[in-house]
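Asks: What would the 3D arrangement of this be:
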Amino acid sequence: MALQLNLLHEQILEQRQRQRDPLKIGTMVVVAIGALLFLYYGWNAYRTLAIKAQLSVVERDWAKVEPKVTAAEKRSDELNGIIKTTGVLDDYIEHRFYWAPFLEKLARCVAPNTQLTSLEGTVLEDKSISITIEGVAAAREPRSAAEDLRQMLSEQLGQAYADVKVEFKALDDLDTIASVGGSSTAMAHYILAVTFQTTAKAKPTPAPSRAPKR
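Replies: Next up is the predicted model:
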């Protein structure tokens, strides 16, 4: 058996120890980690620059579009204002109160022996009507003539309006004598307070007729 001598044994051992040196290994690990961190932050920096570039493009595009958007929003506000005004006017026209039908019903109730001296009407905020009627009545019983006017007016208005109230605010006998049909009659002064809702009174639905039995 041949005998081999390794004369470089000590040098090889020293080289292996240097390769296993913990400080060198740690340095290599730190360098590797630093390289990874450099690559990571470099990639983030690249992404940040790309995002900033996109943001700049978007800001330039927005600067071009912004005046048109602002003008469109202003025009939209103007149109909304016009629509609201139109809606208010439409509501006012559709729900406004017409005095002519009321005056027509009032004229039907005034008898020859009653006279109207003043009439004041107001449309309240809740769309109800408040009217004050002042006049005189002449008859053998002038208070009865005024009461007839009140009842007739309540019946006529009740056919067309809701929540009708016709009440006397004042009813006083007068010393004045009037001539009606060639005869002298007593007179009374009256003031009527009339209130009702402008909404039309709903007509009752007729009951369905039953078919005759065969």
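Asks: how long is stretch 137-144 from one end to the other?
Replies: Its first and final residues considered, stretch 137-144 spans 9 Å by Cα to Cα, to the nearest Å.
Asks: neighbouring contacts of that stretch?
Replies: 113-115, 136, 145-146, 149, 171, 173-174, 178, 180, 185-188, 190 (Cβ atoms under 8 Å, 6 or more residues apart in numbering). From N, CA and C alone the C-beta is placed, and that goes for glycine too.
Asks: What of stretch 169-176?
Replies: Outside stretch 169-176, the residues that touch it by Cβ under 8 Å, 6+ apart are 132, 136, 142-143, 146, 186-193.
Asks: Then stretch 146-163?
Replies: Stretch 146-163 is contacted from outside by 101-102, 105-106, 108-111, 114, 128-129, 137, 164-168, 171, 188, 190, 192, 194-201, using Cβ under 8 Å, 6+ apart.
Asks: buried stuff in it?
Replies: Within stretch 146-163, the residues that qualify as buried are Ala146, Glu147, Asp148, Leu149, Arg150, Met152, Leu153, Ser154, Gln156, Leu157, Tyr161, counting by 16 or more other Cβ atoms under 10 Å.
Asks: so how far is Ala111 from the second one?
Replies: Glu147 is 12 Å from Ala111, where distance means Cβ to Cβ, to the nearest Å.
Asks: The last one now?
Replies: In this structure, Tyr161 and Ala111 are 22 Å apart, going by Cβ to Cβ.
Asks: again, but for the fifth one
Replies: Noted for Arg150: a distance of 12 Å to Ala111, by Cβ to Cβ.
Asks: Could you report the pLDDT at the closest residue to Thr114 other than its chain neighbours?
Replies: Distances taken as Cβ to Cβ, 6 or more residues apart in numbering put Ala137 closest to Thr114, at 4.7 Å, once the chain neighbours are dropped. Looking at Ala137, its pLDDT stands at 92.
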